[in-house]
Structures are given as C-alpha cells and as structure tokens.
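Enquirer: Sequence below, structure please.
(chains A and B)
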Amino acid sequence: MSDVNTARGVQRSLIGRLWRHKSARWAAAIILLLVVAAIFGPMLTSYTGSEQLDIVKLKNMPPSWHHPLGTDQYSRDLLTRVLLGARISLAVATLAVLMSMTVGTAYGLISGYAGGVVDSIMMRVLDGFLSIPRVLLLIAVLTLWNPVPLSGLIVLLGATGWFGVSRIVRTQTMTTRHVEFVDAARALGASDTRIVWRHLLPNIITPVIVTATLAVGNVIALEAGLSYLGVGAREPTPSWGSIFLDGVEFFAGNWWVVLFPGIAIVATVLAFNVLGDALRDVLDPRQLHGGPALPAGKPAPSSNANAPLTLGTDPIQNG
Amino acid sequence: MRRRLAARLLQSLIVVIIVTTISFFVIRAAPGDPFSYDSPTITPAIRAHWRAQFGYDKPLPTQFARYAVSVAHGQLGYSFPMHEPVTEALAAAVPRTLLLAGLSLALSFVFGVIIGVIQATRRDGWFDRVSSAILLFFYSLPDFWGALMILLLFAYWWPILPAGNIVDPVLHDYMGTWDAFADRARHLVLPVLSFTLLTMAGITRYQRAAMLDTLPADYIRTARAKGLSERRIIWHHALRTALTPMVALLGLMLPALLGGALFVEKVFDWPGMGLLAANAISARDYDLVTATVIVGSIMVVIGNLAADLLHMALDPRVRE
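Expert: Residues are numbered from 1 along each chain as shown, chains lettered A, B, ... in the order given. Okay, the predicted model is just below:
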C-alpha cells in the first residue's frame, strides 16, 4: 500500500499492468506511431504542406502513386498535410488537456479540501459552468476572436475543459481527506500544503489520468469540429479539421479530402478512448466497467445508486 | 419532499443567473467586439460612434447590468444579419432542435438500453465484444464527421434520401397533406440516424455498466431462487434498478448533446438552434451567439431539473 501511495509507485505498477492489457498495448502502439509520424512524417514526404504544386494539372487529384492520399483543391499534397495536421491536432489537444487537468485538479482540490461555505460557492459556480454547452460557448467566443491564434485556441479549449474533472477531484478529495494516513500526517504537524501535495494529490491522481486520456481524444474531435465550422486552426496551418474545410464544399467530388483526415481523427480518438478505458480497468479498484483484473460475476463492492456516474471518467461529462 | 422541491427550483434559478453571468464575462473576455472587424470602408470614427450607440463604450459592470436587465425582460438583442429580434429567430429554431434532439435521444435511449442490457447479461460473449467494438467506433467519431459520412453515403453515393433542410424547398408547398408529412419524415431520417448513432454509444456503455453493477445484487439472487424466469428477472427486476442512474446520466449528457446537435444541424442544413449559431459565426451575429449560449444553458438547466425530479420519483434512496 505504501508503494502505491507514492506517485512513482503508481507509475511503476501502472505500466506493468497496462502492458498486460491487450487492447491497451494496441492503443499505445497506435498513439506512439502517431506521435512519431507527427514528428518525422512531414520531413519524409517530398512536399511541403503549403506548396501549391500545379493548380491546373494537380488540382483535386484522387489518390495516386505520387500522392497516396490525393491532392486538395489548391493542388497541395494531402498526405503531407495530414501528417502536418497530426502535429497541430496532437499538440493542441495535449496542451489544452494539460491545462484543463491542472486547473480542474486545483479547483477540485481547493473546493474539496476547504469544505464549508467555500465549497458550496465553488460548487454552485461549477454547476453553472457545467450547464453551459461547451461548443456553443467556444463558438460565441471565437466569433469575436476570429481569426484566433493557435495559442489562443489552446487556452480556450483548456479553459473550457476542466469542469468535469474538478468535480471528480473534489469527490475524491472529500473521501480521502479524512482517511487515517491524512489524519496521521496532520497530527504530526504537516502543513495543509504538504498534506495536499504529498498525501492527497497522489491518491486522487489516478482518475485524473484516466479523464485526461479520454479528454485528449475528445479535444482532438472538438478542435476538428471547430476548424470545420471555420473558427479553429486557420489556413495555411493544417489541422485535421481545417483540412476538411477545404474539401467539404464539394466533397462528393473529392471525397478523399474529407475521408483521410477523418480516418486519422477516428483512429486517434479511438486509440485514446481504448487506452483510457484500459487505464480505468487497470486503475479503478471498483472495476465497474468490468476489466480483466476482476473475474466475471464477482459482485462489485459498490452499492451506491450513482456509482456509474461518480466514476465520472467518461468524456460525456467533459462536454 | 415539497421543501426539497422548492430548494431544487431555487438552485436551478441560481444556476441560470450564474450561467448568464459567466457567459457574459467569458464572451466579453475575447479580444475584439462586434465592431472591430476588418473593413476598409469603416473609419475609426464610425466604429466609435457605433460603440457609443450600443453602449460598448461604457465600463464593463454597467454593460453587464444593462444586459442582465434586458435578459430578465426576455430581450436577448437584435440580429442585424437576420433583421429580426434574436428571440424571434430562436423561437422558430428551438422547436426544430427539440424535435431532432428529442427524437434521436428517445431512439438512442431505447436502443442503447436494450443493447446495454443484452451486453451485460452475456458479458464477454460474442455479442458483447462485437457490439462494444462497433459502438466504441461510433463513440470515437467526431460528430460532424460521422454526420458527413452518413450524408455522403445516403445522399450522394446511394442517393435515396434528401441531403438537407427540413422540407423540400420547392415542392413542399404544393404537396397534399399526406405527401407533405412524408416529405417531412424523409428529411428527418438522416439527421436523426446520425444523431442517434452518435449518442447511442455513450448510453449503451453506461447501461452495460449499470446493469453489471445490479446483476450481482442479493434481490436478483432471491428472484432466481424463487424460480422466476431469467427474462423476467433481467427485464423487470434488474432493469428497473439499473435504469434509475441512467435518468441522472441524461441530465449530465445534455450539454454535449446540444453540441452534437449543432454539428448534425450544420451538416444537414437543419435550421435549428445549432445551425443558427454556426451561421452566426461568419455573419458576426454577436447578439445571436451570446443568446444561443444562454438559451442553450437554460435548456440544460431545465433538462437537469427534469432529470433530477424524475430520478427522485423513481429512486426512493435519492428522496431523503
């Protein structure tokens, strides 16, 4: 137990158990491949993403030997653009999720640890945030802030993604706050800061990891959607969503422009969802979603009516 | 019970106030205002004049007070691109969104619950594996891309259904009652299909989990011991308990659902709230987008309230 209570212990046991999880291995391999492709891919193709090769002869060409994914309406090589798009989409999503997890964890920790009036006020405000449809809010902000720089997009996605996780962290904090080892630490004279950092945080971090993994996939899809609406990443920066925008106008005629970046998105989101599910299987001691660690038919120790919801690591709640 | 109800209503009202406040300030935090767009013909003097005319030159707290007062009076501003008050544009659009989202939600709930229950009862069997994999795929589809692919499939490659809009823009007015109804129904199929497929996956996952949580319970064993048929045990006894948290889930899903509706509406040109918001982007229809955020949030709050009340009615444990 003492081993699991330190962040390093969690990490070590986590990787080992994940490795034994078959679908997690696949998902991790796909994500790794994507990251490698995003970093090195654009160097290996013989085109640059913004180069207009021949706007007469090479416009809207279907997939061929020289252009495995075809070209878009500006005669740019689609493979290069999809690979470049991987950079933008993955980077934007990772940074945005990092930001929202940090903010959400801090908010939840403060609210759960403080308790009382502070907690009630913070929770009512959170109720407000949770009621606002994220996409509508983002569109409203981006209508004014248009065109938005990539950094602004990251901040906006991060700033609107922390509500779900802070609620989970708060619940975890409240249950952990009065566990014996925390009381012991307090009795030994540990400061609040030390208790939060050394004792609470390592114990609440696991659902955050799961949520973060699922959120990366979610944010990639969201960013693509915003770019598709014309308020996300902008020309000539190719994100997976902005590539669509070029093709969607007459997409029955050049379906490859819509299809291939879409497959890239679906593969990525799927990989992050599978990895997130596997992480939950491995990390969640209650095993509500049924993982390999729990033999079938064994009663789950929870009888809480809200159990599937308090788990809360599902992207549904992250909007 | 009544006191609890009153408290819950009051809480919803407070959330609405908080939502309006948050929306106002978050949107205002964006750099730029409705008059800051690039245009060579608009001089700084004209911009300043407009800002003064619409109160954008006042300090932010004053602006907020004015906005709050007008929202409280049910006035959400004026849409210049649409030449009508925002409330009128929304009044026409919201029922269409409710029709699309309501129908899809009902369908995805029914199918999601059925599939989730079958999955849970035959856990790790072939049906569980195959359907879970397929649903995880749909779950991972970005809303707009899933809708686009369905549009491509059934309206272009195999054109059996109309590509968009709620009725045929030319012929509908000349149709008889029955044909007009059929026309409406035909236009509903693809958006509802897309929306249902995209929503169903999440519901199924939760239903499966809730069912797996319920099946090992003691009273299920008792029912088995009493010799009830397996079908009765699962569909009457277990499902009743497993459905209750699903009601609360519906409340939590609403914001994401409205977001999904936006993309489906945009793809299928369905003139609801989402399309209104999506089109407001390029038209810089500032009052309209702000209003959609607030109206959308209020819809979520009301939906949450309804889900909570239903949850209370269904589950005696929540009532205390």
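Enquirer: residues from the stretch 1-150 of chain A in reach of chain B?
Expert: With Cβ under 8 Å from any Cβ of the partner chain as the criterion, the stretch 1-150 of chain A meets chain B at residues A:124-125, A:127-137, A:139-146. In this view, the C-beta of every residue, glycine as well, is placed from N, C-alpha and C.
Enquirer: run the last query once more with 6 Å
Expert: Counting by Cβ under 6 Å from any Cβ of the partner chain, the positions of the stretch 1-150 of chain A adjacent to chain B are A:127-128, A:131-133, A:135-137, A:139-141, A:143-145.
Enquirer: buried subset of these?
Expert: Buried members of those, scored by 16 or more other Cβ atoms under 10 Å in any protein chain shown, are A:127-128, A:131-133, A:135-137, A:139-141, A:143-145.
Enquirer: nearest to residue A:201, of those residues?
Expert: residue A:127 (24.7 Å; Cβ to Cβ).
Enquirer: Quick check: which element contains the closest residue to chain A within the stretch 1-150 of chain B?
Expert: Scanning the stretch 1-150 of chain B for proximity to chain A using Cβ to the nearest Cβ identifies residue B:18 as nearest, at 3.3 Å. Under the criterion of DSSP states H and E, residue B:18 resides in helix B:2-29.
Enquirer: Now the element after that helix, going C-ward?
Expert: Assigned by DSSP H and E, the successor of helix B:2-29 is helix B:44-53.
Enquirer: Just the ones in helices from the buried ones among the residues of the stretch 1-150 of chain A next to chain B, please.
Expert: A:127-128, A:131, A:135-137, A:139-141, A:143-144 (DSSP state H).
Enquirer: just curious, which of the residues you listed is nearest to residue B:250?
Expert: Closest to residue B:250, out of all of these and judged by Cβ to Cβ, is residue A:131, at 14.0 Å.
Enquirer: want to throw the residues of the stretch 1-150 of chain A next to chain B into TSV with distance to residue A:238 and pLDDT?
Expert: Output for those, formatted as TSV (distance: Cβ to Cβ, whole Å; pLDDT from 0 to 100):
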residue	distance to residue A:238	pLDDT
A:127	38	87
A:128	36	87
A:131	34	88
A:132	30	89
A:133	28	89
A:135	22	90
A:136	26	89
A:137	26	89
A:139	21	88
A:140	25	87
A:141	23	88
A:143	23	82
A:144	24	80
A:145	21	81
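Enquirer: Tabulate the buried ones among the residues of the stretch 1-150 of chain A next to chain B (CSV), appending distance to residue B:292.
Expert: What follows is those, written out as CSV (distance: Cβ to Cβ, whole Å):
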residue, distance to residue B:292
A:127, 20
A:128, 17
A:131, 14
A:132, 11
A:133, 9
A:135, 10
A:136, 6
A:137, 10
A:139, 8
A:140, 7
A:141, 12
A:143, 10
A:144, 14
A:145, 17
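Enquirer: one step back: need the contact list for the residue of the stretch 1-150 of chain B closest to chain A.
Expert: residue A:128 (Cβ atoms under 6 Å, 6 or more residues apart in numbering or on different chains).
Enquirer: One more: residue B:266?
Expert: B:275, B:278.
Enquirer: Which of the helices or strands spans it?
Expert: Assigned by DSSP H and E, residue B:266 falls in helix B:239-267.
Enquirer: Going by neighbour count, list what's buried in the helix or strand just after that helix.
Expert: Scanning forward in sequence from helix B:239-267 by DSSP H and E, the next helix or strand is helix B:273-283. Within helix B:273-283, the residues scored as buried using 16+ other Cβ under 10 Å are B:273-281.
Enquirer: what about helix B:273-283, average pLDDT?
Expert: For helix B:273-283, the mean per-residue pLDDT is 85.
Enquirer: Now do that helix: which elements does it pack against?
Expert: Counting by 3 or more Cβ pairs under 6 Å, 6 or more residues apart in numbering or on different chains; DSSP states H and E, the packing neighbours recorded for helix B:273-283 are helix A:134-144, helix B:86-121, helix B:239-267, helix B:286-314.
Enquirer: can you rerun that using 10 Å?
Expert: Packing partners of helix B:273-283 (3 or more Cβ pairs under 10 Å, 6 or more residues apart in numbering or on different chains; DSSP states H and E): helix A:134-144, helix A:201-229, strand B:78-79, helix B:86-121, helix B:239-267, helix B:286-314.
Enquirer: That helix to helix A:201-229, inter-axis angle?
Expert: Counting by axes from the mean of the first three to the mean of the last three Cα atoms, to 10 degrees, helix B:273-283 lies at 70 degrees to helix A:201-229.
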